[in-house]
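Novice: coordinates only, sequence not included:
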């Protein structure tokens, strides 16, 4: 026999409706599950009752749990009348039951029992499944209600001895520490998913009912107010709010609790103290080799951590200008040693040393000016300062991550002592700027005076244009008069500074796959005119074609060629060059700066840390990660320093962006640095020098309240061929500050894209191709930076491959579409039940309301808008208090088939075997066949509407024409209100006057002809 039981802990209720006529209620809870019934004690005169009572239900059939429901009814006990009045109910589906280890206390909104029920408040329950054999089920008491009424005058905490089995120790935290979680369960279409947080309501001993002693682990309840929704997902993938102590104070509920210490500019991160050492240069260093030369370098050492500058060959007055940053929390020594050494093949020679006592090191607080470096005489091994030892220019100070030297410094917290010799250029934090992108419009008008070698045929000419890797061609035209006209536009993407040239060639299609160049033109892009809008008219130009054998721009002056090409070339600055997915754009400004509007606010981001990372590589036989974060907003990219060999890296770096449009998205990604992985036998990284993606977070600016600090941990979710996987949690602090609220509100009324996108719109196919080229250009430019921002990072951050086919993504979009229409479906279902008179009172009230609106039609629109206003005001209390995040349920990542994932991760073109490709092709054909059928059915309905007056079916058209004539006469002679009332009453007529067969108009419409008979 199964020991599986359902445990229910009734914790508390909030904001109950007063029902005793004195502004209060005496509440108790009645639990019903699988034919068993339990009741709690009565809490006299309390609208915020606290029970903390536990019950355990037997489960007759564990396999039937998804079909079972738990009902909790809250009643007001009336001891004088020996009755009870309804306060609300909670209905929980069996699919939302979780094990005891995952259970948390949840506040469920109380639901109505009927249309006239007056209900308010929430009920806090903790529901879980347990198979602990030592826990016995509670005994249902049929006389529970009479017992409650008979003992309602007694003390609230007193319970009969025969019913009390055990008093579990107090599980609540005495400090009432707030703990936040998210609850997800089976969707309820009557509510929208929201999330609110609350602290523990009371500190009281919970009561457990049962015959034998029940054992329960004392565990602090994690309370969260829950509102169900269709986008629920597992709790481990949910967003979690935190209350960290940052530079400006502790963050509690989005507000900054100011501390006594003054806050600086870095108030969204935890302040970290660093010892900065700037090694500038040396002079008059002594020679150490037999040849009299010196290859100097500097070693900066604090305890077990040391940083090394680069060495110079045969130079006694070297200049390094390097900065080292040692984390104060990791320093294990009170002395700083700066040693100058001579690089040697076998053993480095000692040149001199400078020592600092860390107690005497000054502290610098920006915006103080940088500390001026000073000359220090080098000491020998005996500690003596001699004039022939040379001097070293240094600057040593304590500071924070707000220091200007922080981004370019070598960091000790990014290295372990064993890794101190690794190159620091791959681990530094950096700010990048994407190149300014332009659209290049090439309008090929015509070509004249073509010269051909063969006089017996007319040339079949076209123009090929090329900028970098972008190649476009016009359509071929047969030049019978040795002139050809196209007037075709071609669009390219170019980036400043313009290093590329526009190459145009006129080619003759001699035969299949055989083209002959007739002439070419080379136009430097930096000489092309620019325009910011469509109002400025540019004059076209004639270009002399160069001989095909001519190379370079210089040959253009030497060669005189008769053929001329008529062009209109310009750089379009009125467009916004899309280099991201249109759904996740972080910038919508046009290219031309003179068209930019002033910013509306400031976005501040604090990247705090990453928790519980999943190891992405092995080092010394154990799993580890070398991670860094990348954030992109607008044309500004930021990259944190790489933290080496840590599964819980701490960054505490803060960045700022100007915001020009609230309908933009901030994108953050976490990556593993491939430069520090284990090396293979050929000396390369074992992962092929590609930085591994760990997860991504998107935050839409319009979902942030102005002035509030959002501190949350975001789950880092990555889709692998084996399924969705949580790689860790990214801890962020975000604040959006508005400069002008009126200007920001006015932004919502302006077009989303610049004016040129509407005056001279580009096709969807053009935008997709241009976006692909733009991403390639940005990736190529950023990969040449130091440290490089790799191509795979740029493509992952910009969703470069989002346009490729994915069965999972297609299903997700389909279910998103269904969820959009769920409201209409619910209204249709409600109206159907209304017409069937399932609730006569509601149907009669709707009839009365309908007649009133018809008699006073001027009230229809005001009523609709007032109703929407009231809904909006009501939903304000349940508004989301957190930014949206990745959702596995919406993405359809939690129920995807492995083969569909394998297909999604396949390259383009495919690399899979023929049989697998054949199977996937057949599956795609079946899906397309169903879509084809739906599209055909929709087309058939439209064709039937067209057939009403086309006389394709003469009898049907005759009937419809006569009906239109009679309807016109009736509408002219009868008031519209009368017809509307009669039509409404007919539609909502009683089922007694209905027939099960379809109506006559529907039968008539279905008999109309469509063009399906003409389909092959």
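Specialist: Received it, and whenever you're ready, just let me know what you need. Quick caveat: nothing in here was measured; it's all calculated off a predicted structure.
Novice: how does this structure divide into domains?
Specialist: If you go by the TED database, the domain ranges for the chain are 5-130, 273-423, 437-550+561-572, 593-675+691-798, 829-1014.
Novice: tabulate the ones you listed in TSV, adding columns for distance to residue 243, mean neighbour count and mean pLDDT.
Specialist: For glycine as for every other residue, the C-beta is placed from the backbone atoms N, C-alpha and C. Shown next, in TSV, are these (distance: least, CB to CB, whole Å; neighbours: other CB atoms under 10 Å; pLDDT from 0 to 100):
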stretch	distance to residue 243	mean neighbour count	mean pLDDT
domain 5-130	18	19	87
domain 273-423	21	17	83
domain 437-550+561-572	42	17	88
domain 593-675+691-798	7	19	91
domain 829-1014	13	13	88
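Novice: quick one: closest of those to residue 246.
Specialist: domain 593-675+691-798 (6.2 Å; CB to CB).
Novice: for residue 240, which of the domains of the chain is the nearest?
Specialist: It's domain 593-675+691-798; of the domains of the chain, that one is closest to residue 240 (CB to CB) at 4.7 Å.
Novice: what's the span of that closest one, first residue to last?
Specialist: Counting by CA to CA, to the nearest Å, you get 23 Å between the two ends of domain 593-675+691-798.
Novice: how about stretch 641-649?
Specialist: From the first residue to the last, stretch 641-649 extends over 10 Å; the measure is CA to CA.
Novice: got it, and stretch 335-348?
Specialist: Span of stretch 335-348 from end to end, CA to CA: 22 Å.
Novice: ok so, going back, so which of the domains of the chain comes closest to residue 236?
Specialist: domain 593-675+691-798 (6.3 Å).
Novice: and that closest one, how far out from the chain's middle?
Specialist: 9 Å (CA atoms, centre = their mean, to the nearest Å).
Novice: swap in stretch 827-842?
Specialist: 40 Å.
Novice: strands of the stretch 401-550 of the chain, residue ranges please.
Specialist: Using DSSP state E, counting those that start in this stretch, the strands assigned to the stretch 401-550 of the chain run over residues 410-411, 430-433, 437-448, 460-467, 470-473, 477-478, 484-495, 501-511, 514-524, 530-531, 541-544.
Novice: same list, those strands, but as JSON lines with distance to residue 99 please.
Specialist: Converted to JSON lines, the strands of the stretch 401-550 of the chain look like this (distance: least, CB to CB, whole Å):
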{"stretch": "strand 410-411", "distance to residue 99": "43"}
{"stretch": "strand 430-433", "distance to residue 99": "45"}
{"stretch": "strand 437-448", "distance to residue 99": "52"}
{"stretch": "strand 460-467", "distance to residue 99": "60"}
{"stretch": "strand 470-473", "distance to residue 99": "57"}
{"stretch": "strand 477-478", "distance to residue 99": "73"}
{"stretch": "strand 484-495", "distance to residue 99": "54"}
{"stretch": "strand 501-511", "distance to residue 99": "66"}
{"stretch": "strand 514-524", "distance to residue 99": "69"}
{"stretch": "strand 530-531", "distance to residue 99": "65"}
{"stretch": "strand 541-544", "distance to residue 99": "75"}
